[in-house]
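Sequence and predicted structure, then a few things I'm wondering about:
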Amino acid sequence: MEITDREFERLVGFMHKNYGINLSAKRVLIQGRLGNMLRERGFKSYNDYLDAVMSDTSGAEVTTILNKLTTNHTFFMREPEHYTYLKEVILPYMVANAKDHELRIWSAGCSSGEECYTTAMLLNEYFGREKSKWDTRILATDISHSVMDKAKLGVYNAEGMKGLSPEWKKKYFKQISDDKFEICQEIKNEIIFKPFNLMDNMPNTFKARPFDLIFCRNVMIYFDQPTKNALVNRFYDVVKPGGYFYIGHAESIPRGETKFEYIKPAIYRRPMK
C-alpha cells in the first residue's frame, strides 16, 4: 500500500512528537513494515490507520506501530566492556558511597529484558553471600508493553545467550525445550518493570531519589540530535553526582551539549560538583 506525501508527513510528525522517533528518511521502511498489515486488516489508507492509532485508548495500536517501526534486537552481555567497567570500577565506587545498602540502577528502553537480567546476574555474582544485605533491584522501563511482557516471561533462545558463560547458563537458567531457556525466579525478582515514555518528563520520584547508574543503550539511534540532546539532559537531572550513564557504542553525545563528563566510549559520568 502506497503512502501519500501528506500521510507520510502526518505519520512522521506523530511519531516524532509523541515518541521522539525520527522517521523522516524511512519512507521505504514504513511502507515495507506497515503496508501488508494495513491491507490485511482492512484499512483503506494510512490516514485511516493513524486515526485508529490515535483514538485507541487501550494502547494496543500504539504498541503495534512502535514494534513495527523500531527494532528490538538485543542479547545477553551486549557490549561486554560495559559490564567489565561496571564490575571493576563502578560497583566498587557505588558500594563505598552507598547509603542504606541500596544501589539504584535504571535500564531505560529495556526491550525484551536481556540488559537488565545481565546486570542483575552480574550484581548477584559481585556481592555473593553479601547480596541479601543489599537492595539492588533494577528499574526496567520501555514504551512497548509487548516487549516488556516478553521480558517478564524471561524465556530466551540459545542464540541470544551466546555471550553468557556456561556457568551462568547453568546457574541462572532452566531449559524448558530444545531451544528455550527460562531465567530463574531469583533473578526475575530483581527487576521492577514499568512502562515509561522517554519523551515524558522525569517523575519527581526520580529526582528525589536519583540513580547511581542509567543504561540507555541503542535507544537514541531513532532520535534526531535535538531530541537526543534534550533527553540526555533530562537523564543528567536524575543521576547522582558521581553517578554513571551508559549509551550504545553506535551512539554519541556532542561534548558541548551535555554536562556529563566523558569517561570512555559510551560511558559518561555526572561530575561530583
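On my side now, so go ahead.

Please count neighbours and contacts with C-alpha atoms only from this point.
Will do.

tell me the SS of the nearest residue to residue 251 once chain neighbours are set aside?
The shortest distance from residue 251 to any non-neighbouring residue, by CA to CA, 6 or more residues apart in numbering, is to residue 221 (6.5 Å). Of the three states, residue 221 takes helix under DSSP: H, G, I helix; E, B strand; the rest coil.

What about residue 198, how many residues nearby?
20 (other CA atoms under 10 Å).

That one against residue 231, yeah?
Yes: counting by CA atoms under 8 Å, residue 198 touches residue 231, with 7.4 Å between them.

count of neighbours near the residue nearest to residue 251?
Quick note: residue 221 (other CA under 10 Å) scores 16 neighbours.

so what's in contact with residue 198 and residue 231 at the same time?
Applying CA atoms under 8 Å, 6 or more residues apart in numbering, one finds that no residue jointly contacts residue 198 and residue 231.

Once you drop chain neighbours, what's closest to residue 43?
In space, residue 43 comes closest to residue 49 once its chain neighbours are excluded; the distance is 6.2 Å by CA to CA, 6+ apart.

now residue 182
Distances taken as CA to CA, 6+ apart put residue 155 closest to residue 182, at 4.3 Å, once the chain neighbours are dropped.

tell me the pLDDT at that neighbour?
With respect to pLDDT, residue 155 has a value of 96.

tell me the contacts of it?
Residues near residue 155 by CA under 8 Å, 6+ apart: 180, 181, 182, 183.

Filter these down to the buried ones, PyMOL style.
The following PyMOL line selects those of the contacts of residue 155 that are buried, judged by 16 or more other CA atoms under 10 Å:
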select buried, resi 181+182+183
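
among the contacts of residue 155, which are in strands?
Helix and strand membership here follows DSSP state E; of those, those in strands are 180, 181, 182, 183.

Run a quick neighbour tally on residue 88.
Residue 88 has 11 neighbouring residues, counting by other CA under 10 Å.

Using the three-state scheme, assign it.
helix.

Check residue 2 too.
Assignment for residue 2 (three-state DSSP): coil.

what's the answer for residue 243, then?
Residue 243 ends up strand, using three-state DSSP.

was I right about it contacting residue 212?
Yes: the pair residue 243 / residue 212 is scored as a contact, 4.6 Å apart, by CA under 8 Å.

which secondary element of this protein has the worst mean pLDDT?
None of the helices or strands of the chain scores lower by mean pLDDT, DSSP states H and E than helix 60-69, at a mean of 82.

What helices and strands are in contact with it?
helix 27-40, helix 46-55 (3 or more CA pairs under 8 Å, 6 or more residues apart in numbering; DSSP states H and E).
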